[in-house]
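what's the 3D shape of this:
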Amino acid sequence: MNNSREEVRNRLSAAVALLESCPEFARLIPEVRTNIVFASVDARTPADIAAVDGRITVVGGKPKASGPVQFGASDHLARLVLELRQFQPAIRTALNFRWNEQILSFVTTWAAQHGKKLGVIDRTKEPDTVIGKDRMSIPWKVKELLAGTGGTVPELFYETRGWGKEPLFIIVGTDPVVIVEEVTALARAYAQFQPE
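From the prediction side, this is the model:
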């Protein structure tokens, strides 16, 4: 099941195509843009994790991949998956999307209705020894997340505002097509709840 690098690339490409077919998701693309990553089964470094080169942006009101799916195209989100896998090895994929107070209110209700635990990383608690230092924040963020969930990695969580950081939602799972199906369902529901 999605073991070879070619299988990982193909499965992630299918997820990206599905995301691009959902114009409602364009409203959930953050300033930093969206990316989605998918790790090989034995991933040890970001080079073992496929992502969209250049991330996913908005073109003509629709989500659009800026470049091809390739290994090593993500650093931050890939390192987050690697860190989460230390606590829940089945996790292989993650996608980030926009956060604001209105979306948070909607997602909180949506998560409760769908039986999903919503985790939080409060970046106002980020220690000075970590803030602004390259590659130092991921271990702290995962520790902060798990402290609020009793050690379980939630499928859906968000980061609050931090020093120079845009707050974001992150959804994680085992299969990129499955998390895209979930996030596009959420995006369509949000569009009905909050029309433009």
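
residues making contact with the helix or strand bottoming out on mean pLDDT in the chain?
For the chain, the helix or strand with the lowest mean confidence is helix 137-147, at a mean of 93 (criterion: mean pLDDT, DSSP states H and E). Residues from elsewhere that reach helix 137-147 (CB atoms under 8 Å, 6 or more residues apart in numbering): 76, 79-80, 83-84, 86-87, 119-123, 125-127, 130-131, 152-154, 157, 159. All C-beta atoms are positioned from the backbone trio N, CA, C, and that covers glycine.

what do you get if the cut-off is 6 Å, keeping everything else the same?
Defining contact as CB atoms under 6 Å, 6 or more residues apart in numbering, one finds that helix 137-147 is touched by 79, 80, 83, 119, 121, 130, 157.

got it, and stretch 20-31?
So stretch 20-31 is contacted by 58, 61, 62, 63, 97, 98, 166, 168, 184, 187, 188, 191 (CB under 6 Å, 6+ apart).

filter those residues to the buried ones?
Among those, those scoring as buried are 63, 97, 98, 168, 184, 187, 191 (criterion: 16 or more other CB atoms under 10 Å).

and the last one, what is it in contact with?
With contacts defined as CB under 6 Å, 6+ apart, residue 191 is in contact with residue 24.

tell me the pLDDT of it.
Looking at residue 191, its pLDDT reads 94.

next, it: secondary structure please.
helix (DSSP: H, G, I helix; E, B strand; the rest coil).

for it, give its distance to residue 77.
25 Å (CB to CB, to the nearest Å).
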